[in-house]
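In: make a model of this:
(one chain, ligands or ions: 2)
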Amino acid sequence: MTYFKRGRVLQRSLVTTAIAAALATTAGTAVAADQPGTGAQRSAAEAARTAGDVQRPAQAFKGAQAAPRVAAAAPGQTITNPVLYAAHKKNKYLYQYFANARGGLKTPAKLVKSPYDWATAVAHNDWDHDGLRDGTWNLHKNGQLIYASSGYAYTVATGWQNYTKVMSPGDLGGGAGGDFLAVDKAGVLWVYCGNLVGDVTPRVRVGTGWGQYTEIAGQGDLTGDGKTDVVTRDKQGNLWLHEGTGNYRAPFRPRKKVGAGWNAHNRILSIGDLTGDGKTDILARTKAGDLYRYSGTGRASAPLLKPVKIGAGFNAFNLL
Ligand SMILES: [Ca+2]
Ligand SMILES: [Ca+2]
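Out: Ligands and ions are numbered 1, 2, ... in the order given. Alright, predicted model coming up:
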């Protein structure tokens, strides 16, 4: 099988290896929250990357963030992104859904069986900004943040259980890696910047009042200016657009209301561009388990099209 680029490997065996390594990582290797990984951890990660399949990007920061996308595959090639991981509530297997290049999802692959205590959050690192994933952070319920790339995994930080919500919408302007948004129990919004090998910088306080939101979703640019945006849902079911500034110290403009009635959904997320038009899309799951795609328009005034149903039975999963 041929793959697009080295380092983009989502081969089943390697994913399984990375997940197994992540699961095997113990708190004994942990470092404190707000601190990057230790020198030894970084060296180990670097060594793994050098020995393995991951290449350094020619340029660390290219500016605009590409939305994870469905790329056109040549014969024999495998489309590697976007991908939806879903942990089954009953059989405890992890399922991997690749995009089908028609705006929907392929039949899933069944990966490994595990309790998946890390299902609280998962974020993808795209350090060369080509819209394809280079590594994944998993946040465990015990507050450990673990980074997994091709064939290796290590603990980046601990103590993150104080956050009620953690997600990565991509690059918020902080550097080469994916950046994190974290909301603490007081509703304060924090930004962490991730780097190439999965470390994160000390956090920066960027907002308050974010405890009112029951979902935060996004993966790349929703409005067409190349800057990462997110949408949030408040407790009343209103959907808000937070346009990105490209400055991670003040990452969002004042919010705009872009929808209502979103409490019909019990999960809102984005895995990037499902439709292949270069515009990131939003997914939402209803309480009955139907999965809908809201295609991105690239316009801030009306960023999402009407929903299209792309699946059913998704209430069997904890979506990641
Ligand atoms: Ca934008
Ligand atoms: Ca799209």
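
In: nearest residue to the residue in the chain positioned nearest to ligand 2 other than its sequence neighbours?
Out: Nearest to ligand 2 in the chain, going by Cβ to the ion, is Thr275, at a distance of 3.7 Å. From N, CA and C alone the C-beta is placed, and that goes for glycine too. Distances taken as Cβ to Cβ, 6 or more residues apart in numbering place Gly103 nearest to Thr275, at 4.4 Å, with adjacent residues excluded.

In: helix, strand, or coil at that neighbour?
Out: coil (DSSP: H, G, I helix; E, B strand; the rest coil).

In: so it sits against Tyr294, correct?
Out: No - using Cβ atoms under 8 Å, Gly103 makes no contact with Tyr294, being 11.0 Å away.

In: count of residues packed around the nearest residue to Pro303 once chain neighbours are set aside?
Out: Excluding its sequence neighbours, the residue lying closest to Pro303 (Cβ to Cβ, 6+ apart) is Leu222, at 4.8 Å. For Leu222, the neighbour count with other Cβ atoms under 10 Å is 32.

In: quick check on Gly211: phi, psi?
Out: Dihedral angles of Gly211 (phi, psi; degrees, to the nearest 10) stand at phi -70, psi -10.

In: residue contacts, the residue nearest to Thr275?
Out: Leu274, Thr275, Gly276, Asp281, Arg293, Ser295, Val308, Ile310 (Cβ atoms under 8 Å, 6 or more residues apart in numbering).

In: shouldn't the second one be in contact with Thr297?
Out: No - using Cβ under 8 Å, Thr275 is not in contact with Thr297, being 11.0 Å away.

In: who has more neighbours out of the two?
Out: More neighbours surround Thr275 than the other of Thr275 and Thr297, with 20 against 17 (other Cβ under 10 Å).

In: which pLDDT value belongs to the more buried one?
Out: If you check Thr275, the pLDDT there is 91.

In: what's the first-to-last distance across stretch 85-105?
Out: 11 Å (Cα to Cα, to the nearest Å).

In: for stretch 165-179, same thing?
Out: Stretch 165-179 has an end-to-end distance of 14 Å (Cα to Cα).

In: is it in proximity to ligand 1?
Out: No - Stretch 165-179 lies apart from ligand 1 when judged by Cβ under 5 Å from the ion; the minimum separation is 10.1 Å.

In: mean confidence for that stretch?
Out: pLDDT averaged over stretch 165-179 gives 82.

In: with stretch 232-241 instead?
Out: Per-residue scores along stretch 232-241 average to 98.

In: what are the buried residues along stretch 231-242?
Out: Neighbour-count burial for stretch 231-242 flags Val231, Thr232, Arg233, Asp234, Asn238, Leu239, Trp240, Leu241, His242 (criterion: 16 or more other Cβ atoms under 10 Å).

In: meant to ask about stretch 293-304
Out: Arg293, Tyr294, Ser295, Gly296, Thr297, Gly298, Ala300, Pro303, Leu304.

In: the last one and Tyr294 touch, don't they?
Out: Yes - assessed by Cβ under 8 Å, Leu304 is found in contact with Tyr294 at 4.1 Å.

In: tell me, what's touching these two both at once?
Out: Joint contacts of Leu304 and Tyr294 (Cβ under 8 Å, 6+ apart) are Ile282.

In: need the residues of the chain near ligand 1, please.
Out: Residues of the chain lying close to ligand 1 (Cβ under 5 Å from the ion) are Asp221, Thr223, Asp225, Lys227, Asp229, Gly244.

In: and for the closest residue to Gly207 other than its chain neighbours, the neighbour number?
Out: Spatial nearest neighbour of Gly207, chain neighbours left out: Leu189 (3.6 Å); criterion: Cβ to Cβ, 6+ apart. Leu189 has 22 neighbouring residues, counting by other Cβ under 10 Å.

In: where exactly do the helices run in the chain?
Out: Ranges of helices in the chain, per DSSP state H, are 12-24, 39-51.

In: ranking those by mean pLDDT, which is last?
Out: helix 12-24 (a mean of 42).

In: OK, contacts around the residue of the chain closest to ligand 2?
Out: The contact partners of Thr275, taken as Cβ under 8 Å, 6+ apart, are Val70, Gly103, Asp281, Arg293, Ser295.

In: out of the residues you listed, the closest to ligand 1 would be?
Out: Among the contacts of Thr275, and counting by Cβ to the ion, the member closest to ligand 1 is Asp281, at 14.0 Å.

In: so where is the stretch 1-150 of the chain shaky, pLDDT-wise?
Out: 1-81, 117-122, 126-133 (pLDDT under 70).

In: cutoff 50 now
Out: Residue ranges of the stretch 1-150 of the chain with pLDDT under 50: 1-39, 41-42, 45, 47-80.
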